[in-house]
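**Student:** please find the sequence and the predicted model below.
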Amino acid sequence: MAVSASDINGVKTKLVDARTALVTMLGESDKQKQEGCRATVKNLTNETISLFSTLMEKAKGTNVEGKLKELKDAWDIFRNTRDNEVIPNFFAGKVAEAKAVGGGIQKERFAKISSMVDELIGMT
């Protein structure tokens, strides 16, 4: 069973929703809403990890396998920076540092990931 455009759109939706929740969190002053955004990011991340696992199985031996692996690797770097730098800095009161990373290198990484997703959709 091959990977479909709808499968890749599912990944795109989760990535965009998690990014939106993170950006919302970085602009939020209410602690309860911040925690809600953090929970949303965590839940969507877990769903994305599971979805990538499923798609990597489906993609074995197909023309999208390599590109899907590249996408997952790029997302892993993005996710690790987000989870180990941006979110901890934000909750440690280092909001400027969190926003600098989130709006700098992470914004560039997300743009690259988005173009990789679009390329994958075109391949399916």
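**Tutor:** Done, it's in. Numbering: from 1, shown residues only.
**Student:** from here on, contacts and neighbour counts on C-alpha atoms
**Tutor:** Will do.
**Student:** and S115, what pLDDT?
**Tutor:** Per-residue confidence at S115 stands at 96 (pLDDT).
**Student:** over to A5?
**Tutor:** What the model reports as pLDDT for A5 is 90.
**Student:** what of M1?
**Tutor:** For M1, pLDDT reads 68.
**Student:** convert the helix or strand containing I113 to CSV, retaining C-alpha atoms only.
**Tutor:** Take DSSP states H and E as the rule and I113 turns out to sit in helix 105-123. Only the C-alpha atoms of helix 105-123 are listed here, as CSV (Å, rounded to 0.1, in the frame of the first residue of the first chain):
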residue,chain,number,x,y,z
ILE,A,105,16.2,29.3,12.7
GLN,A,106,12.9,27.5,13.5
LYS,A,107,10.9,29.6,11.1
GLU,A,108,13.5,28.8,8.4
ARG,A,109,13.3,25.1,9.2
PHE,A,110,9.6,25.1,9.2
ALA,A,111,9.5,26.8,5.7
LYS,A,112,11.9,24.1,4.5
ILE,A,113,9.7,21.3,6.0
SER,A,114,6.6,22.9,4.4
SER,A,115,8.2,22.9,0.9
MET,A,116,9.3,19.3,1.5
VAL,A,117,5.8,18.3,2.3
ASP,A,118,4.5,20.0,-0.8
GLU,A,119,7.1,18.2,-2.9
LEU,A,120,6.0,14.9,-1.4
ILE,A,121,2.3,15.7,-2.1
GLY,A,122,3.4,16.2,-5.7
MET,A,123,5.1,12.8,-5.8
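**Student:** let's have the chain start at 424 instead
**Tutor:** Yes, from this point I'll number from 424; that puts the last item at helix 528-546.
**Student:** buried sites along that helix?
**Tutor:** Neighbour-count burial for helix 528-546, with 16 or more other Cα atoms under 10 Å as criterion, is recorded at 529, 532-533, 536-537, 539-540, 543-544.
**Student:** what does stretch 501-508 give?
**Tutor:** Neighbour counts over stretch 501-508 (16+ other Cα under 10 Å) mark 501-502, 504-506 as buried.
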